[in-house]
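> need a structure here:
(chains A and B)
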Amino acid sequence: MNRPSDHPSGALRQPAGLRPPWSGERDLRVFLGHTARRLAWIAAGEGAAAGLLVAIAVAVAGLLRGGPLVPPLLAAPVLMAAGIGARLLVTMRRRRAVAFAVERGAPECRNVIITAAELLDRPGRVQPYIGDRVMADAARVAAAVDPAALFPAHRVITALIVCVAFWAFAVTRADARTDSTGTPLPVAIGSVDISRIDAVITPPAYAGQASRTLSDPARIVALAGSRIELSVRAVAATVTASTADGSHTLDRAGNTFTGELPVEADGHIAIEPAASDGRTGVRRLIGVTATPDAAPRVRVTEPARDLFLPDADRTIDVAIEADDDLALASLTLRFTKVSGSGEQFTFTDGELPLEIVRSGERNWTGRTVLRLDTLGLGPGDVLVYRGVAADRRPGAQPAESDAFVIELTSPGSVAADGFAIDDEMDRYALSQQMIILETERLIARAPDLHSDTLVRASLSLAAQQRSVRAEFVFMMGGELAAEVEQAAAGIGDLHEEDHIEADDEAIAGRLANQSRFALVHAIRSMSRASDALTRAALDQALVEERLALDQLQLAFTRTRYILRALTEREQLDLSRRLTGPLDEAARAVRPAARPLSQERVSALRGVLAGILAIAGSAEFGQDAASNAVAHAETLLRVDPSDAALQDIAAHLGEASAMIHDARAMDARALLDRAATGLSNAVADALPDASSRLQTIELNRLDGARTDALRRPGGGS
Amino acid sequence: MTLRLVARGIAFAIAIAGVLDPAIISTRPARPVVSVVATGTAANDAVVDRVLATLGNRFVILDAPFEAADATILVGDRLPDGSGSPAGPVFAVVPDLASPTLRIERFVVPSRVPLESRVPITVGARVTGAAGRRVTVSLLIGALEIDRVEHNVRTADERFGARVAFIPTAAGASLLRIVARIDGEPAMAVADALIDVRDEPLAVLFHDARPSWMSTFVRRAIERDPRFTVASRTITSRDISTDAGQPPTLGDAASLERFDAIVVGAPESLIEREVAGLETWMRRQGGGVMLLFDRNADGPYRQMAGIDELSARTAGTGEPVDVATHGEPVAPEDGPPALRAAETLSPAPLPAGARTIAVRRATQDTDALPVIWRSAVGAGRLLSSGALDAWRFRDPSVSAFDEFWRATVAEIAAATPAGIEIRIADPVAPPGGSVDMVVTLRELSLSDPVAGDTVRATMSAVLEGPDGSRGIRLWPEGGPGRFRGVIDAPNEPGDWRVSVSSGNTEETDAAVAVAADPARAWPDQRDLVVAWARAHGGDAFEHARLDALPASLMAALAPAPRRVPWYPMRSAWWIVPFVLALGAEWWWRRRRGLA
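Predicted coordinates for the structure are as follows:
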């Protein structure tokens, strides 16, 4: 008996050649195609149900061993696809022999459908009229056959629905891992694992920034004041999140553990799963960098200098710029009016509105016009003003710009309109070096100067020289023992000639202290210089001035301390000093000094030793993953804000994950990077070890050579 | 019938000829005996195989040194060990400079380092045939890389130094490995070294003959450094002092034995007895003394220091004082100078045999002047500092005052020998290998028999490890107090310690590591090998020219023809025709039905 077509789709294929269709042929082809598709769908349903059943069985078997439930369940689609494929493969032959399947289910067809299918496959084997007859009969018989009744799908559909329902129930309830009473199922240490960490970082409301979500982050950079919502998917009885502030147990909802942590400062979050018996699994470490909200920066850009004005009948344009890293909240001009004289001053604070131009939330510019006449300023009054800006951070102190001064000068003290300087200001800037410089300049100009001009200039220099000398006399306590004129005569009346005469006493060692000695010498030289300048003897004066400078340098560079007489109030209480008979003096013993503690270096070297212990051997130990995380945590505790240490900690954290996932090569590469980085971080803090090769023989040889060279004639 | 007889005859003929074993005398060139010697690493084994294949059967080859050989072929870029002269002309097969080759030539680490330090290591390497490529040099402990540097190769034949650093993490021996690799090349160069980390602070005594700011601030810098333990005495008046850490008196050299360095402030105030004690300590114990001047004054110290005159120089402000290399100041590339001083003392002239340590920088008016110098006193070291007021400029932004004095004191102190000095030639040994060691007993070595010193000592040495200990025999060698021994490395890899004791008073140990496959750094002796081969009547061939070796070898040997007996029946192949003949004869008889 001939077999029907091997291709179910072939039933719809057009016959080869130009053959007029048989009557009923189209109906039969439609019937056979419909039936073939139905068989395929039924097979696919059976395969899908089988795949689901396998997934559920694996999950249940794993659950009985204390393992995770979710992964096998999540693999169900793959298993379903495999089941469908396998079933379609198994039923391929049956589906190709559709006609046989129909005849088997409906024997009343009496093989006419099989015959017709064979003719469709090989149409040239019979005369046309026979084909017409067979096709017509087959079409008629097929019309009476209901494929749905012949190949019922309800059992397959029912099985599939049951399996899908069971699977869906398991997936939705898998997270809970509870028994029938709602109590969480015990979790063994072997199955404790963190599969995913999501962190939602919510900046503080005032920042106006959107939240962002990070998945499995190694580091979180967040604005200080932000909050981190942690969502940890893990197989664990409990999950704790530890920070420098302490540990927080995350709330559990199925296999998801959630909690919220504030970001206040640099640090880290250590997330640690634990089994039901309290034993902890491998921790995950997340570095946290808290970015502080910077204070606004304010600058007065106009006029941006102090003003000294003769009167208040003026207006002054003031411009202020401000910017902030997030957003500005306010920008104002504040002033303080200082009025009064002597020791009676009145301070009045005020604020002026600004016309603000906002280039954005971060950059503002403010302008205003200061109308001095409306502020009630009088001569000698001072107005101090500055820009003040605040950002939106609650409780933040406003930032101020540099303050500038507007002073209404008293009559007669104004050197020029808008700017004034104290005439005596240069008095404080005078130095002996300047006196020398001025004298040298005067000597250089002397040939071109009239004699009267030269004498006046010389007298002026003499006055300056006396002024400098007076400063040092003040420094010496205002008195120079008996060799100085009475203080009552005033500094300006110090008698240079007496100073010159007192030299002998000083040299005799009466003033034993070297600095004081040098300083007195300097003052004497200044006196002589002043005397010479008074006489317009410029060359002699220059010699004395330089001598005075040398003595000053000697006084201030050798011992740097100057004895001076103490006032009565400052008199030392000798009973409180270590005084006493000399024969009672004894040797003092002080405790031996202890080296500075290098906690940072010690901690970093400890971590380096730990990495060596992890990676120094050919294979990782059992605790390698957890130790790597512990070392990363140590690093972040040492200095949470150190970028280099943050990177090293991240490498260690990743290495821990690699070790946990049995990816030894990747873990070693990360440990190498961590160790190299750590070595570099420690190296700068340690002194270099001496690498010089020394032996007793070499030392002795060197000494013998030196001895030989030092003998008479040895060097020749 | 005929066939049967022929086959039988052939078999009989072969048997008879075999019994007779006739000899045929011929005249032909003899096959020279060539000794092939490989030096260097296992990488040369493949080259040796190539050499053997190239030589073929024209030579009798022995792949080992053979004194009676007609010629020697040296494979590798290193001269062979041993002092024996090679047999015959020497031919060398050296690496091809055109192919990428990398060799670690130098990897030296200090035998012992303090725990609280960083160990800078310079690795010397030679790379050929890799211009434009990059070499990565890694420092490993076990399997962990702890430092790495990269070097870009610019020329076809380049030597370079790579600086890596080892950070000690714990006391004990650490086996360091350098791995260098040309990027993209599978082969790598490897060298091992052993470093012994000691947590034994250096003992430093500060003795101020009067209060001295200079000495005080140097002492404070040293006291803050965990590498040192400091005892100090500051004499504030006659018989009055301030002490810390139980300082001994300088006049008693024996009481100074526990110190590695002595720093003296205001040395001009030392009395003769103290100077004599210091000198004795330096000569007999090899100690290091530092004199820190803070003014120019004469004193008994000058004879010990060999100083004739000290010339002072003063400037208004502090001038830089730079560390000197070979007498020339080397200003730091970045950061402040080592020291800064306004007032300095310089020896005029520099004491005989002294070395300049630091120099006051030259100005427009003056030349550079030595300010800190060092000389030897017996086996000890004497360092003198004329940076009188360097303490005034100790702000870290102005000068590296603390760092300079810490490094200087550390170096002076570290050079003071222990009572027993152990030197091990190569402390990383293969299992079962032998390691040479030299032990020097300081007391004996630095004794002066001419001065009537009499020293008696007993020595013993043991190798201690996880499997117990074993004795090491020490033999006197060289000068007094010097002994040599050979350590037989155990068969199991691990860390061992050589412990040497002298009587009951002294004991010192040193580390030895037994590694499965230790690698040493060797200087590339390619040029030497080539010269050596040519000096021995041969030539050198690069790998690419290996095909020319047999002809050159044959030309150099020129083997003379000689009568050579040939025994044709001594070939095993005769068994084949013999069996065939017998088989044919047997087959024929079977076919004829004969028995």
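
> residue 217: how many residues sit nearby?
I went with chain A, as the question did not name one. Residue crowding around A:P217 was assessed by other Cβ atoms under 10 Å in any protein chain shown; the count is 19. The C-beta positions use only the backbone N, C-alpha and C, and glycine is treated the same way.

> sorry, I should have been clearer: chain B.
Neighbours of B:F217 (other Cβ under 10 Å): 19.

> and it, its phi and psi?
phi -80, psi -30 (degrees, to the nearest 10).

> leaving out chain neighbours, which residue sits closest to it?
Setting aside the residues directly before and after it, B:F217 is nearest to B:W391 in space (Cβ to Cβ, 6 or more residues apart in numbering or on different chains), at 4.1 Å.

> for that neighbour, which three-state class applies?
helix (DSSP: H, G, I helix; E, B strand; the rest coil).

> number of nearby residues for it?
23.

> spit out the contact partners of it.
Residues in contact with B:W391, defined by Cβ atoms under 8 Å, 6 or more residues apart in numbering or on different chains, are B:W213, B:M214, B:T216, B:F217, B:V218, B:F401.

> and with 6 Å instead?
B:W213, B:M214, B:F217 (Cβ atoms under 6 Å, 6 or more residues apart in numbering or on different chains).

> so which of the residues you listed is the closest to chain A?
B:W213 (10.3 Å; Cβ to the nearest Cβ).

> look at that closest one and say how many residues are nearby.
17.

> for chain A, see how far away the nearest residue to it once chain neighbours are set aside is.
Nearest residue to B:W213, sequence neighbours excluded (Cβ to Cβ, 6+ apart): B:W391, at 5.0 Å. According to Cβ to the nearest Cβ, to the nearest Å, B:W391 and chain A sit 12 Å apart.

> how much space between the residue nearest to A:R227 when sequence neighbours are not counted and chain B?
Excluding the flanking residues, the one nearest A:R227 by Cβ to Cβ, 6+ apart is A:T202, at 4.9 Å. Remark: distance between A:T202 and chain B (Cβ to the nearest Cβ) = 41 Å.

> again, but for A:A593
4 Å.

> using the three-state scheme, assign that residue.
coil.

> ok, how many other residues are close to it?
Applying other Cβ under 10 Å, I find that A:A593 has 17 neighbouring residues.

> skipping adjacent residues, who's closest to it in space?
Nearest non-adjacent residue to A:A593, counting by Cβ to Cβ, 6+ apart: B:E223, 3.7 Å away.

> where along the stretch 451-600 of chain A do the strands fall?
A:588-589 (DSSP state E, counting those that start in this stretch).

> spell out which parts of it neighbour chain B.
Proximity of the stretch 451-600 of chain A to chain B, by Cβ under 6 Å from any Cβ of the partner chain, involves residues A:Q553, A:A585, A:R587, A:A588, A:V589, A:R590, A:A592, A:A593, A:P595, A:L596.

> now the one helix or strand A:L612 maps to: buried residues?
Under the criterion of DSSP states H and E, A:L612 resides in helix A:599-615. Within helix A:599-615, the residues scored as buried using 16 or more other Cβ atoms under 10 Å in any protein chain shown are A:601, A:603-605, A:607-615.

> what mean pLDDT does that helix have?
For helix A:599-615, mean pLDDT is 89.

> same thing with stretch B:123-132?
Mean predicted lDDT for stretch B:123-132 stands at 90.
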